[in-house]
Each structure stands twice: as C-alpha cells, then as structure tokens.
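> Could you work out the structure for the sequence below:
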Amino acid sequence: MDNVKIHYYARENKQLGSHSFYPQPIGLKTFGFERMCQKAARNTSIEAHTVRAAVEEYIKVAKEALLEGNRVEIGEQFVTLWPNLKGSVKDYTDPEKGKKVVVTAADLTATKCKSRVSATVNAVFSDEFERKVKWVKTDKHGNVIDEPDDTETNEELTGGDTGTGSTNTGGTGTGGGDEHDPME
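Below you'll find the predicted structure:
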C-alpha cells in the first residue's frame, strides 16, 4: 500500500492576513467505527461484535483516564492523548489610557483558556506515513493542479504555525477546532 494519493489545496489563512496559505486536505472519507471493527476482526477468531465491545470499553477507560488528568496511549507507538489548555495573553494598549499594559504569568488563568484534548502521533509512524503517501495539489473544487518538483526548504515557505489546530507530522494538535469543509 505504498504511495496512496491524498488531495489538498492551498487555503488562505485569513487569521494571519493576506498572502498566507496552508495545505487543506480534501476529499477525505471517514473510515467508520463499525468498518474498523469488522476489518480488525478479519483473519482472527474474534467476531466483529466482540472487537467492537472491547474497543468501546477501551475508549471508555481512555476517556476516564483523560478526565483524571492522565496522558493516554492509544496503541503501542501510535497516538498519545493528553489534557491541554489552549490560550495565551500578550501585552496590549489600554484603550482608555492609551498606555501599553505589560502582562505577566499571573495574567494567564485557566478561565482565559479553552480546555482541550491534545494528541501526538508517534514519530516512527509519522515517518512511515510520509514515505507511503503522495500529496496531490488541487484547486478548491478538486481539480488536479500540476506541481513543479520543488525541493525548496526555506523555513518561511515550509514552516510556521497555520493556526488551524491541525496535527503536524510527528507533532501535536487539538480536537474540536474550526474544521472546515473546503468543498463548501
């Protein structure tokens, strides 16, 4: 199963201003829970309904562990979930006094943040994913766009935070973000 093709398009990140773009995967199908259980049961003596019951219990325990403030491993060397706070405070100008207000660590409180669950994909699996996937650029309607074989490694072009809450290769991301269907 090498070189699976996944389509993406260059979406403008309006949160960062004009001329800022990030890759937005499109046309992704959902590999549903029932199908996952059926496929996991193949080539075993376990029935799909037994797999489903075991996985449902596993997920229930994983949720309990997260709610207790623990890091939770999902599979060996696959995904780790953990409780996280998303937010920040920064210096600002007081609109009434017109003076700069310098914030300190004391100004950052949980009430100013969003409680989220974050995830890390194991780097070994991320590397395998990178080897086995070929990304195909499209316009936002799904029409393939030929890309030059560009090996540009300029950090300004390839790095940086998109601000989308997406999961980076071998990195972290948060659920419950502003998911957007690019085909809308």
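> Going by C-alpha atoms from here, please, whenever you check contacts or count neighbours.
OK.
> moving C-terminal of the helix or strand hosting residue 59, what's the next helix or strand?
Using DSSP states H and E, residue 59 sits within helix 48-67. Downstream of helix 48-67, the next assigned helix or strand under DSSP H and E is strand 72-74.
> Remind me what that next one packs against, helices and strands.
On a contact count with 3 or more Cα pairs under 8 Å, 6 or more residues apart in numbering; DSSP states H and E, strand 72-74 meets helix 48-67, strand 79-86.
> Pull out the buried positions in that strand.
residue 72 (16 or more other Cα atoms under 10 Å).
> mind listing what residue 68 touches?
Counting by Cα atoms under 8 Å, 6 or more residues apart in numbering, residue 68 makes contact with nothing.
> For it, give me phi and psi.
Backbone torsions for residue 68, taken as degrees, to the nearest 10, come to phi -90, psi 0.
> Find me the pLDDT at it, would you?
Looking at residue 68, its pLDDT is 96.
> separation between it and residue 115?
14 Å (Cα to Cα, to the nearest Å).
> end to end, how far does stretch 65-85 reach?
End-to-end for stretch 65-85, by Cα to Cα: 17 Å.
> now swap in stretch 72-83 and tell me
9 Å.
> what do you get for stretch 105-125?
36 Å.
> Return the set of buried residues in that stretch.
Buried-residue list, stretch 105-125, by 16+ other Cα under 10 Å: 116, 117, 118, 119, 120, 121, 122.
> quick one on the thing from earlier: only the buried residues of the helix holding residue 59, if you could.
So helix 48-67, judged by 16+ other Cα under 10 Å, has buried residues 48, 51, 52, 62, 65.
> Check which helix or strand the closest residue to residue 27 other than its chain neighbours maps to.
Closest residue to residue 27 apart from its sequence neighbours, by Cα to Cα, 6 or more residues apart in numbering: residue 7 at 6.8 Å. Counting by DSSP H and E, the element that carries residue 7 is strand 4-12.
> just the strands in the chain please.
4-12, 21-26, 72-74, 79-86, 92-93, 100-101, 114-121, 133-137, 172-174 (DSSP state E).
> mind putting the ones you listed in a markdown table, mean pLDDT and distance to residue 32 included?
A markdown table is the format used below for the strands of the chain (pLDDT from 0 to 100; distance: least, Cα to Cα, whole Å):
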| stretch | mean pLDDT | distance to residue 32 |
| --- | --- | --- |
| strand 4-12 | 88 | 18 |
| strand 21-26 | 89 | 17 |
| strand 72-74 | 95 | 17 |
| strand 79-86 | 95 | 18 |
| strand 92-93 | 94 | 46 |
| strand 100-101 | 94 | 50 |
| strand 114-121 | 95 | 20 |
| strand 133-137 | 91 | 21 |
| strand 172-174 | 45 | 20 |
